[in-house]
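Trainee: pasting the sequence and the predicted model now:
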Protein chains: 2
Amino acid sequence: MKAEIISIGTELLLGEIVNTNASYLAASLPALGIDLYWITVVGDNLPRMKEAIERAWGRSEMIITSGGLGPTEDDLTREAIAGFLGEEMAVDEAQVKVLEERFRKRQMPMPARNLKQAMVIPSGCAIPNPRGTAPGWWVERDGRIIVALPGPPGELRPMWERQIVPRVEGRSGGMVLVTRTLKTFGAGEALVDEMVSPLFASANPTLGIYAKPDGVHLRLAAKARSRLQAETLIAPAEARLRSILGDLVWGVDDDTPEAMVGKMLKERGLWVAVMESFTGGLLASAITDVPGSSDYFRGGWVSYTAETKIEAGIDPQLIARHGVVSAEVAEAMASTVRTRLKAHIGISTTGVAGPSELEGHPPGSAFVALDDGQQTRSFKVIFPGDRLMVKRRAVVKALLELRSMLVEKG
Amino acid sequence: MKAEIISIGTELLLGEIVNTNASYLAASLPALGIDLYWITVVGDNLPRMKEAIERAWGRSEMIITSGGLGPTEDDLTREAIAGFLGEEMAVDEAQVKVLEERFRKRQMPMPARNLKQAMVIPSGCAIPNPRGTAPGWWVERDGRIIVALPGPPGELRPMWERQIVPRVEGRSGGMVLVTRTLKTFGAGEALVDEMVSPLFASANPTLGIYAKPDGVHLRLAAKARSRLQAETLIAPAEARLRSILGDLVWGVDDDTPEAMVGKMLKERGLWVAVMESFTGGLLASAITDVPGSSDYFRGGWVSYTAETKIEAGIDPQLIARHGVVSAEVAEAMASTVRTRLKAHIGISTTGVAGPSELEGHPPGSAFVALDDGQQTRSFKVIFPGDRLMVKRRAVVKALLELRSMLVEKG
């Protein structure tokens, strides 16, 4: 099945918002066996909206629109679809009740203009919107499907996942594409490439390898008649990759380093503490982005000057001898914060976020250290990118080195 | 002048990347007097690329493409433009020299396939790309302009700003739209609305008011024949808004709270220190996102447990009496970190990031406190949104309350 996305809204053409709906929808289509060839963005303009729908109708079997379903005069998606199809809109009493109930709960009278959100056409039916006043439309005619969804991502996404995907699944007739990404850390791209090279010959699933800020990713992609068949093709390939890569694999698909590390710390009943220089609090913030992190995160210090490092307990002579950007100071920071905050593991960062250099080190130079009471280890890295990127990459490095230490401890 | 953007790349149709180039380009067009009616996304497919160019040629005077200028077989933008226009591509010797020089500097031989990046057509010329191997194209024919830019945003943006904008400026013949956003903090939307109501009658510039996470924004938008004329319309309206709003205005356009506060602290030679509970390091990280923050940021503590708060010097009886999520503990945190880290001003946060409640407070409940040695002030807020949003909003609140304190200190 060939699909086309039409994103509607003048704010998209003014660059006021980024079209994340299109990439969200696009990303979910391959798994449904649907091929996307076009995305069109058009403003809140009835003739141009009709023109876009007409063109899509001529070359695609499924048209997905987002936006233009609000209650105002600018919201014209219903009018455009009805107008193009030559169908009359009529009030759907069931939808009126849903809307009235929604306003009643908020103790507000329903404005008359919201009534247009309860309109449908004979070829269509309303798709409930649990998070907003704009129901979607599901329209079927002449072997084609039009799905109209509201623009706010918080409304569009659950409607797509819970109500559209189940209707579409298995209907596309196309080959379903299922992917599985294994995320590795601790070996370079060339080495990983060599390790997994026997699998590159596979035609289905195919194997791709990508260097990312959080390590080397391996992506298996299988095509089959059904999701289940595709998953059945992926499973043995994934098992084989895992047996080759072992502990290098730290996560899959949407896993984040902070969530994976958090899970391990919680399971083992271990506490961590951090002492950050140039990452300036971002490491602590990443750790505390995970719900429940208060079960394993003691806290941290951000020591942004040499003076605060000394006050926190770092030997001034060590700083004088090696400079603040050094393995020695990084290691002292990790072991000091571990002891002083009574944690099992201390982690530290020191480096140069940029744009200026420091102590002769170029921007991006960094040391990350870990101390678990038995051993102290530190890593020197030079990260590419601007100030914010360098901070972000150092945090990922610190979290994934923590993971490696936890794996080794067993 | 009517414009159309054609974004090229199969990765956009697979949802692997979000189309930020289109929104970046779109946002810059109104100031150039260019109207954007369409954005089309198409994959790396020659017939469909030509189809998109043909349609754009029929309805727009300016076509801006992004992507498809790399050296591989998949990169077909040059071929599509040349093919549609029926022109032959030929090697541009000057571009070959630029490319060879680029590879020579990296001490690599230039692969033969890169030669295609030095090709141009008779109606076009190459646009230098200082950050990559793909020069752009500027094509003029039959009263139409085609601009072809490479896909990586780090290459596209400087090329657009430094080389395309100057060529286009003043040529569009259309009305130029210039906007100016004043960002306020400290008064609610309704109050700001009432204060500035006399200006709402203005037709040019128009005035819009928007509630945002970092306060209430006022947006002036003027249309005129030239940028200068538009700016001349905006200036008195901006002056009038500023005289009404006074110190409520904390920044304009792209200003961030952390950069504005940083500038004030540096000018006054003041040092800050932070003690964070539920924001978990994000406040310190925001402060240190600003280059030069080591001139005014002493450092901070992240005290994620009651125990680490007590170890940091907070009275355990105060915690027992009021709970960690309280104005009293927030104020003690701010004054303790100010004294202990030898700063002029201490800032603190304590609250509930969620998703669970804490001490009977719902997720989003927060206290922010400031202490400058003379006075201590704290603010209770309940932020909407998920865990990450709540952290982010509390940080903005803390920074903007710091700004208000600095303004008052004069």
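Mentor: Perfect, I can see it now. Residues are numbered from 1 along each chain as shown, chains lettered A, B, ... in the order given.

Trainee: make it CA atoms for all contacts and neighbour counts henceforth
Mentor: Fine.

Trainee: quick check: A:Ser123 vs chain B, distance?
Mentor: Between A:Ser123 and chain B the computed distance is 28 Å (Cα to the nearest Cα, to the nearest Å).

Trainee: do you know the pLDDT at that residue?
Mentor: As predicted, A:Ser123 sits at a pLDDT of 97.

Trainee: quick check: the one residue in the stretch 51-200 of chain A that gets nearest to chain B vs A:Ser60, distance?
Mentor: Residue nearest to chain B within the stretch 51-200 of chain A: A:Ala52 (9.6 Å; Cα to the nearest Cα). Per Cα to Cα, to the nearest Å, A:Ala52 is found 12 Å from A:Ser60.

Trainee: now swap in A:Met49 and tell me
Mentor: A:Met49 is 16 Å from A:Ser60, by Cα to Cα.

Trainee: so those two - more neighbours on which side?
Mentor: Applying other Cα atoms under 10 Å in any protein chain shown to A:Met49 and A:Ser60 shows that A:Met49 carries more neighbours, namely 24 against 19.

Trainee: what pLDDT, on average, does the helix or strand hosting the more buried one get?
Mentor: Assigned by DSSP states H and E, A:Met49 falls within helix A:46-59. On average, the pLDDT along helix A:46-59 is 97.

Trainee: by contact count, what packs against that helix?
Mentor: Applying 3 or more Cα pairs under 8 Å, 6 or more residues apart in numbering or on different chains; DSSP states H and E, we find helix A:46-59 packed against strand A:2-8, strand A:35-42, strand A:62-66, helix A:77-85.

Trainee: and for A:Pro47, the neighbour number?
Mentor: Residues lying near A:Pro47 (other Cα under 10 Å) number 12.

Trainee: quick check: closest non-adjacent residue to it.
Mentor: Residue nearest to A:Pro47 in three dimensions, not counting chain neighbours: A:Ala80, with 7.8 Å by Cα to Cα, 6 or more residues apart in numbering or on different chains.

Trainee: cool, and A:Ala398?
Mentor: With Cα to Cα, 6+ apart as the criterion, A:Ala398 has its nearest non-adjacent residue at 6.0 Å, and that residue is A:Val368.

Trainee: list the residues that contact A:Asp289.
Mentor: For A:Asp289, the contact set (Cα atoms under 8 Å, 6 or more residues apart in numbering or on different chains) comprises A:Glu258, B:Gly280, B:Arg387, B:Leu388.

Trainee: for the closest residue to the second one other than its chain neighbours, give me phi and psi.
Mentor: By that I understand B:Gly280. Nearest residue to B:Gly280 in three dimensions, chain neighbours excluded: A:Ser285, at 4.8 Å (Cα to Cα, 6+ apart). Note on A:Ser285: backbone dihedrals following degrees, to the nearest 10 are phi -70, psi -40.

Trainee: thought A:Ser285 was touching B:Ser277?
Mentor: No. Between A:Ser285 and B:Ser277 there is no contact under Cα atoms under 8 Å: 10.4 Å.

Trainee: higher neighbour count, these two?
Mentor: Using other Cα under 10 Å, the more surrounded residue of A:Ser285 and B:Ser277 is B:Ser277, with 29 against 24.

Trainee: I figured that one hits B:Ile347, correct?
Mentor: No. Between B:Ser277 and B:Ile347 there is no contact under Cα under 8 Å: 11.2 Å.

Trainee: ok, now which ones touch the residue of the stretch 51-200 of chain A closest to chain B?
Mentor: A:Ala52 touches A:Ile6, A:Thr40, A:Val42, counting by Cα under 8 Å, 6+ apart.

Trainee: could you redo the last one with a cut-off of 7 Å?
Mentor: If you count contacts by Cα atoms under 7 Å, 6 or more residues apart in numbering or on different chains, A:Ala52 has none.

Trainee: A strand includes the residue nearest to A:Ala398, no?
Mentor: Yes. Counting by DSSP: H, G, I helix; E, B strand; the rest coil, one finds A:Val368 located in a strand.

Trainee: give me the distance from stretch A:338-354 to the chain's centre.
Mentor: Chain-centre distance of stretch A:338-354: 28 Å, with Cα atoms, centre = their mean, to the nearest Å.

Trainee: could you find the closest non-adjacent residue to A:Arg131?
Mentor: Distance criterion Cα to Cα, 6+ apart; nearest residue to A:Arg131, sequence neighbours excluded, is A:Glu155 at 5.6 Å.

Trainee: regarding the one you found, what is its secondary structure?
Mentor: Quick answer, by three-state DSSP: A:Glu155 is helix.

Trainee: per-residue confidence at it?
Mentor: 93.

Trainee: just A:Tyr304 next, same as before
Mentor: We have a pLDDT of 88 for A:Tyr304.

Trainee: test my guess that A:Trp301 contacts A:Glu276.
Mentor: Yes. The pair A:Trp301 and A:Glu276 passes the contact test of Cα atoms under 7 Å, sitting 6.2 Å apart.

Trainee: who's the residue lying closest to A:Val249 once chain neighbours are set aside bridged to?
Mentor: Among residues not flanking A:Val249 along the chain, A:Thr184 sits closest, at 4.2 Å (Cα to Cα, 6+ apart). For A:Thr184, the residues forming beta bridges with it (DSSP bridges) are A:Val216, A:Val249.

Trainee: many thanks, we can stop here.
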